[in-house]
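**Q** Generate a structure from the sequence data that follows.
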Amino acid sequence: MPALALTDRDGLYGAFRHAQACTDAGLKPILGTDLALRDAPGQVEPETGSGAALAWARQATRVTLLAQGRQGWASICRLVTAAHAGATGHSDTDPRSVAKAHGVTPVHAEADAGARTSADVSPAVTPSLIAQHAVGLILLLGPASDVGQAVAARRPDLARSALDRWRDLGVEVAVEVVDHLDAPGSTHRAARMAQLAQQAHVPAVLANAVRPGPRRRQAPGPAWLAEDQQPGAQRPRLPRQPRLHVGCR
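**A** From the prediction side, this is the model:
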C-alpha cells in the first residue's frame, strides 16, 4: 500500500499527525475532509426496496474531498473555512471576516441570520462553492452523497443525473464504493455503485469508515471498523471521526 488518506468530518483536525505517521511508515499521506452539502437536490424516495434502502436514501447529504498537492491543500482549506464561516456559534473573531480574507465567500453571507433553521448551524458547503475551489481536489461520491442516496433508493436514472451534474461543474470526481459486509443491503449498494462508475467511465475508490478505538494505557490495537462490522461491540462516541480511505484502480 503506497499511500493512505485520512478524511476528518467537517475539518482537517488530524492532518498533521496523519502526515507525520505516514512519513514515519514510508507511506504517502493523502489529506482530505468529509463535508455536508447544502443546496443539494432534494432527497430521493425509493420506488422499490426495503426500509433499509429508505433509511439510506434519507440520510444527510455528504461528500468527501481529497487534496492533490499544494493547490489541493489550499482549496480544501478554503472550503473548510467557508463551511465553518457559514455556521453559527462564532468565536470572538468573526469567521466571515476570516473567510473573506482568504478569498472565500461564506455559504450564508447573504442569508438572514434570524431565518436560519437547525440544519444551518452545522458546517456545510454548496456544490457551486466546491466548483469554485475545485483546483487540485478529487471529489468522492459515496453512500451519503446525492449519487449514493439515489443508488440506495434504486433510482439509477437519478444517480446518473446527479453524477453528470457534478461532472458538468468541472469537478474531478470518483465514485466511492463502501461495503460493510454484514450491514443489510451494503454489498448490493456497493455493487450498484461500482456498476455506475463503470458505466459512466468514472474511477471507483474502495473505502470504509474506520473509527479509532477507546483510549487505553497500553499500546493501541488495530483501528475499529464501522460499528456494524463489529457485532456486539460498542463504538466510542467521539466528536471527530476520521475516515480511512484505501484506493483501488
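
**Q** Mean pLDDT per element in the chain, and the minimum belongs to which helix or strand?
**A** strand 224-225 (a mean of 35; mean pLDDT, DSSP states H and E).

**Q** which residues of the protein fall in helices?
**A** 15-24, 51-57, 69-85, 95-101, 127-132, 146-152, 156-168, 186-200 (DSSP state H).

**Q** can you tell which of the ones you listed is closest to Asp39?
**A** Closest to Asp39 of the helices of the chain, according to Cβ to Cβ: helix 127-132, at 7.0 Å. Using the backbone N, CA and C atoms, a C-beta is placed for each residue, glycine as well.

**Q** CA atoms only for the closest one - export them in PDB, please.
**A** Provided in PDB are the C-alpha atoms of helix 127-132 (Å, rounded to 0.1, in the frame of the first residue of the first chain):
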ATOM      1  CA  PRO A 127     -21.900  22.300  -4.900                       C
ATOM      2  CA  SER A 128     -21.200  25.700  -6.500                       C
ATOM      3  CA  LEU A 129     -18.700  26.500  -3.800                       C
ATOM      4  CA  ILE A 130     -16.900  23.200  -4.400                       C
ATOM      5  CA  ALA A 131     -16.700  24.000  -8.100                       C
ATOM      6  CA  GLN A 132     -15.300  27.500  -7.300                       C
END
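
**Q** Give the rounded mean pLDDT of that helix.
**A** Helix 127-132 comes out with an average pLDDT of 94.

**Q** elements contacting that helix?
**A** The contact analysis (3 or more Cβ pairs under 8 Å, 6 or more residues apart in numbering; DSSP states H and E) places helix 127-132 against helix 69-85.

**Q** let's see it at 10 Å
**A** With contacts defined as 3 or more Cβ pairs under 10 Å, 6 or more residues apart in numbering; DSSP states H and E, the packing partners of helix 127-132 are strand 28-37, strand 62-67, helix 69-85, strand 137-141, helix 156-168.

**Q** Kindly reformat these as TSV containing distance to Thr187 and mean pLDDT.
**A** Converted to TSV, these look like this (distance: least, Cβ to Cβ, whole Å; pLDDT from 0 to 100):
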stretch	distance to Thr187	mean pLDDT
strand 28-37	22	94
strand 62-67	20	95
helix 69-85	31	94
strand 137-141	19	96
helix 156-168	17	95
